[in-house]
Each structure stands twice: as C-alpha cells, then as structure tokens.
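Colleague: My questions are about this predicted structure, shown below with the sequence.
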There are 2 protein chains.
Amino acid sequence: MSLITVGTMAFDAIETPFGKTEKIIGGSAVYVAYAASNFVKPVQQISIIGDDFPEEEMADLRSRGVHLDGVEIIQGKKSFFWSGRYHEDMNSRDTLVTELNVLADFDPKIPDSYQGAEFLMLGNLAPKIQLNVIQELKQRPKLIAMDTMNFWMDIAMPELKIVLKYIDMLIVNDAEARQLTGMFSLVKAAKSIMAMGPKFLIIKKGEHGALLFHGDDVFYAPALPLEDVFDPTGAGDTFAGGFMGHIAKTGDISFENMKRGIIVGSAMASFCVEKFGPTRLKEITADDINTRLQQFKNLVSFDIELV
Amino acid sequence: MSLITVGTMAFDAIETPFGKTEKIIGGSAVYVAYAASNFVKPVQQISIIGDDFPEEEMADLRSRGVHLDGVEIIQGKKSFFWSGRYHEDMNSRDTLVTELNVLADFDPKIPDSYQGAEFLMLGNLAPKIQLNVIQELKQRPKLIAMDTMNFWMDIAMPELKIVLKYIDMLIVNDAEARQLTGMFSLVKAAKSIMAMGPKFLIIKKGEHGALLFHGDDVFYAPALPLEDVFDPTGAGDTFAGGFMGHIAKTGDISFENMKRGIIVGSAMASFCVEKFGPTRLKEITADDINTRLQQFKNLVSFDIELV
C-alpha cells in the first residue's frame, strides 16, 4: 500500500530551554516521511524546495523508501525557513523568522507514478492547495487525512470548510478544534467537526495525549510521561506520519485499527521530542519502536473489578 | 477493612457558567465519604461542624455506612463556608468568600472505635493537623494517603515536608507537584516528591486524567471526555474517595491494584462533575458505577502490533 504525503521540506532554527540549533532540516513532509517509512514503503513525497536543500538529506530519505519525484526543486531560490523559540512549558513558542521563499509559489503536481495511492496525508498548507491535491488524484484514496492550523482559520475559514467536506479524517490540536468550532468542550467540538465532513477526528493534546473520535466512539491515547521534552518541533507531524504509516501498512481503516495507529503515532512522537529536529527519528530501530510500543501498552493497561 | 477519612464538612455556594447554587453541603470529607462508601464500610469520618449542619445530611451519610463518632459538633457556631465562581474553562476559579468558622479550632480526636483502621485518607488541612492525626493512631495503618494544596506550600512548607515523611501516598494536582518541587517536568517532580517520603504518588491533571508513580513504574489513567463539566467542586476529593474505597475494599496495596483504584477514582470523579456539589454522587447505583468502569476500559483498550 502506498502513502502520499504533501507538505513542507524546510530549514528550521530552534531555541529551547535546553539549547539552540543552527539551520537544520525540518518541515511537515520530512517528519511524516521519517515516521511513516518505518511502517510502509513507498512514502510518496510532494513538496517544494530551493537549490539549498542538502543532497545528502534527499539521499537519506530515498534510502528509507521515500520517493521524491513529487518534490519540485527551484534553482536560484531558497527553501522555506522558520525560526522559533520555545518557552519553558514547551507548549508555547514565539516565531522569530518566517521566510516563505519557494513555498510562496507552491502549486503541487501529482507525478503519474503516484496515481492510485491508497492513502493521502495532507500536511498543514493553504486549504486551496490541499483541495487542489485531492482534485488532481484520478482515484480517490481509501483514507484522506489532513492537518491544518489556526492561521488558516483566521484568513481562509470558508476555503477550509470546503476542504473538510472532501476528507475522511482531520488531525488538529485542542486549541485548533476549539477555534474551528467556537466550542470549549472537546466532545462537543468533535461532534461539530464531524458534522462538517470528516468521519474521523484526532484531537492532539500534547503532553496530555490524543483523542480519536468516530460517531459516538472515543479512544484516549496517553502521551508517554517524559523527564524532558527536549524539542517539540515536528512532534505533531511525526504523530501523523506514524499514524498514517501504520494505517497504510495494514490497509485497515476500522476504528479498532485506528486505535493501534494512534498509539504508533504517539510512540513515534515520543522519540521525536528527545533530540533537536528529526535527529532522533533518524537513529531509531525497529527494536526501539517495539520497546516503546510495549511501554505504551504497560502505561495504560489495567483490569477492572466490578462493584 | 475500615477507612478513616479526615477533612472538612462544610457549606459551599457555587457559580459555574451553567448556573449557581445557594448554600449546599460540601467539604472534602463529605465527598470522600460519598465516593468511598460505595466500596467499603465503615467509612470513619473525622471532622468538625457547627450546629447549622443539617441532620438529614448526617442521616444520609450514616445510612451509607459512614460513622460520624469522630465529627465534633460545636453548638452556637457555624460550619466552614466557601463560595466560589468557576471560569469558562472550569480549570480556574475565584474564591468569593471563605469563612473558617468552626474550622479555625479544628483539633481532631480519634474515637476509640476508629483505632485499628487499616487505611487513612488525610484530606487537605494544615500539615500540623494532619501530623497530629497520624500520631494519635495507636496502630499504623497499612496505607496513609494525603492531599494538600498550594496554600500550605506558601505558608507551612517546613511542616508539610515533615508530614510527607510519615505518609505512603501523596495525591496532588500538576500545579501542586510543580510548586512542591520547583520542577516543571512531572516525571522529575514525581521522583523528587518520592524522595521526600511517600513511596506512591498520584498527580491529578483534571480533564487530562491522572498519573500514578511508584519507583520507576508509571500508570496513566485517562479522564472520561465529557460533553460538559457542570461543576468540578469536589472532583478531586471524590477521586481520592473512590481510590481509597477500592484499596480499602480489597486490602491490596500492590501497584497493579492501585491502577484499578485510580480508575475507580476517575470514574467516581466523572459522576461528581455532572451536577452541583455531591448531588450526582447521592443518586448513582452500583450498576451506574459498573457501566462507567466499562466505559473507562473501552476508552483506553488497544492491542499493539510490533513492527
């Protein structure tokens, strides 16, 4: 089964209470690819970069089964760049620099070799671009999942609401779910979002885990309690990549299998935050992943005894 | 097995975004008793009230197996009174009125009939009072659990740290764990607290569930996602009451059984917030509790599939 992932490939410069980096690679599609490629091949990447994006990073992705035919390289221009500083609680951050560069002209094209993919992960991009990608696919994927953010709710809510009618699953954080619906209760917000189109909804709550909604069903995935969150950059995209990687590997879009997927996503995100950028994701092995999955199982396993 | 619970029996007047109450009964020992008495009898209450505390409320508690020999009634004085207003997020509140009344002179005595109890729940009170109770017990209980709050950390930290050496389990919320240790990471805060005395620690995170720590073991209990939290007053005490009720019922203080206890506590707390004060706790049946426990089981149950 193949997975198309659409998003940014970029440079980030990050400051956290633990240290700071020079420009390192990042971008939603990079994190999705590093997470998903542990579970499914090929991961078919759609993105745009300048001529400054390192060839060795492209080679590393290729060696993991990531196809880059859909990555447009613009000569003489620079890749998207973001720089930010996290606060002590690691839940909030200040953006220091945003240079759109090539991203300003992103008009994704689907290579013929990607047509027929069964799974699609739309990273956080302008709703108009997300809709274009869906409409360029000749065969509708089995599952279309999508990320978005408050920025698009502020400036492009009508377009965002149109895309929501075309997708199967929305993946947002708690603040975004509240902004999208104007509802404080996440259970009410979830019902409201599912009425907008997506039959499945994941609400990410950072260190408090994630909720999966479908009809009247709900599943609560914990986050692993960590001594330190070293750098949260990319954790949300890594979560989505792990989730979609598991779903694409199994080809099973039942609620039961999505529960497993959300645990896989949470496990991958728990690695991501251990080092700067995608560093830790590049190091981990299948054994590391299996050990972490077992930790998640132990973390929430209990018997009940009725009264 | 019997459980001694020490805490307030009081009046509360509560405002939430959903409405407001006149004076209704409340207090930590009341919530603990309503929760715990579903699982263990007797619950042996230690508290202090004025002559205004309604006899029918005392009768209701007695009918549930709550012993009130340890409740001192001061004629001509009033019971403790608290009034507060919750903000829209239900996680923060303003205190409007605090009238200590009889609580200013609380010097708990253990009735002879309570001596030999195997479990002790020390509600949030001055550390000096909590220590007195422990020292008045002729036989050390199998498990001593204790609540506290930021107020005592502000004005009585040295005394609080002394009591911590005498107890087995501390039950606090995330903000309190951080204040007690000066550490932001809850995992680090947990290690630091366990080094202060208690071998077991529960950190409550409100709508985000609760964490149980013991040595290197950790367990994550979810909170039930609710459409509305109608009134959070007493939810923390109800949680503690459900937990200690289960532990006292089973007599088993293993980590595995504490996991079950924390789920029982979470289930009881999820009822508490459905109506004002202890109203909902008075209504529920064993069937209601069993149904809710099964919901918790479903909420977090998943299989893992290794890579």
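Modeller: Cool, the structure landed.
Colleague: drop to CA atoms for contacts and neighbour counts, all remaining ones
Modeller: Fine.
Colleague: what helix or strand does the spatially most central residue of chain A sit in?
Modeller: Central residue of chain A (C-alpha atoms, centre = their mean): A:Asp237, 2.5 Å from the mean position. Element membership of A:Asp237 [criterion: DSSP states H and E] is helix A:235-250.
Colleague: Mind telling me what element the residue of the stretch 51-200 of chain A found nearest chain B is part of?
Modeller: Proximity to chain B, evaluated over the stretch 51-200 of chain A using C-alpha to the nearest C-alpha, is greatest for A:Val187 at 5.0 Å. In the assignment (DSSP H and E), A:Val187 maps to helix A:186-195.
Colleague: What is whatever helix or strand comes next after that helix packed up against?
Modeller: Counting by DSSP H and E, the next helix or strand C-terminal to helix A:186-195 is strand A:200-204. If contacts are counted by 3 or more C-alpha pairs under 8 Å, 6 or more residues apart in numbering or on different chains; DSSP states H and E, strand A:200-204 sits against strand A:169-173, helix A:174-181, helix A:186-195, strand A:210-214.
Colleague: If we use 7 Å, what do you get?
Modeller: Contact here means 3 or more C-alpha pairs under 7 Å, 6 or more residues apart in numbering or on different chains; DSSP states H and E; on that basis strand A:200-204 packs against strand A:169-173, strand A:210-214.
Colleague: out of those strands, deepest packed?
Modeller: Per residue and on average, the most neighbours among the helices and strands packed on strand A:200-204 fall to strand A:169-173, with a mean of 24 (mean count of other C-alpha atoms under 10 Å in any protein chain shown).
Colleague: rewinding a little: what residues does the helix holding A:Val187 touch?
Modeller: By C-alpha atoms under 7 Å, 6 or more residues apart in numbering or on different chains, the residues outside helix A:186-195 that reach it are A:177-178, A:181, A:183, A:200-201, A:213, B:225-227.
Colleague: Neighbour-wise, give me the winner out of those.
Modeller: Compared across the contacts of helix A:186-195, A:Ala177 has the highest neighbour count, 27 neighbours, by other C-alpha atoms under 10 Å in any protein chain shown.
Colleague: what mean pLDDT does the helix holding A:Val187 have?
Modeller: Mean pLDDT, helix A:186-195: 98.
Colleague: can you tell me if stretch A:58-77 touches chain B.
Modeller: No. Stretch A:58-77 is not in contact with chain B by C-alpha under 7 Å from any C-alpha of the partner chain; minimum separation 15.0 Å.
Colleague: measure that stretch end to end?
Modeller: 17 Å (C-alpha to C-alpha, to the nearest Å).
Colleague: Counting neighbours, which bits of that stretch end up buried?
Modeller: By 16 or more other C-alpha atoms under 10 Å in any protein chain shown, the buried positions in stretch A:58-77 come out as A:61, A:64-68, A:70-73.
Colleague: circling back to that earlier point, so how far is A:Thr148 from the residue nearest to the centre of chain A?
Modeller: Taking C-alpha to C-alpha, one finds A:Asp237 at 11 Å from A:Thr148.
Colleague: How about A:Tyr166?
Modeller: According to C-alpha to C-alpha, A:Tyr166 stands 14 Å off from A:Thr148.
Colleague: And the two? Which one has more around it.
Modeller: A count of neighbours by other C-alpha under 10 Å puts A:Thr148 above the other of A:Tyr166 and A:Thr148, at 20 against 17.
Colleague: Enumerate the residues of the stretch 151-300 of chain A near chain B.
Modeller: Residues of the stretch 151-300 of chain A lying near chain B by C-alpha under 7 Å from any C-alpha: A:185, A:187-188, A:208, A:218-222, A:225-228, A:259-260, A:286, A:290, A:293, A:299-300.
Colleague: 8 Å instead, please
Modeller: By the rule C-alpha under 8 Å from any C-alpha of the partner chain, the part of the stretch 151-300 of chain A lying against chain B is A:184-188, A:208, A:218-222, A:225-228, A:256, A:259-260, A:286, A:289-290, A:293-294, A:297-300.
Colleague: is it possible to export the helices and strands packed on strand A:200-204 to JSON lines including distance to A:Pro278?
Modeller: Formatted as JSON lines, those follow (distance: least, C-alpha to C-alpha, whole Å):
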{"stretch": "strand A:169-173", "distance to A:Pro278": "20"}
{"stretch": "strand A:210-214", "distance to A:Pro278": "21"}
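Colleague: would a markdown table of the ones you listed with mean pLDDT be doable?
Modeller: Shown next, in a markdown table, are these (pLDDT from 0 to 100):
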| stretch | mean pLDDT |
| --- | --- |
| strand A:169-173 | 97 |
| strand A:210-214 | 98 |
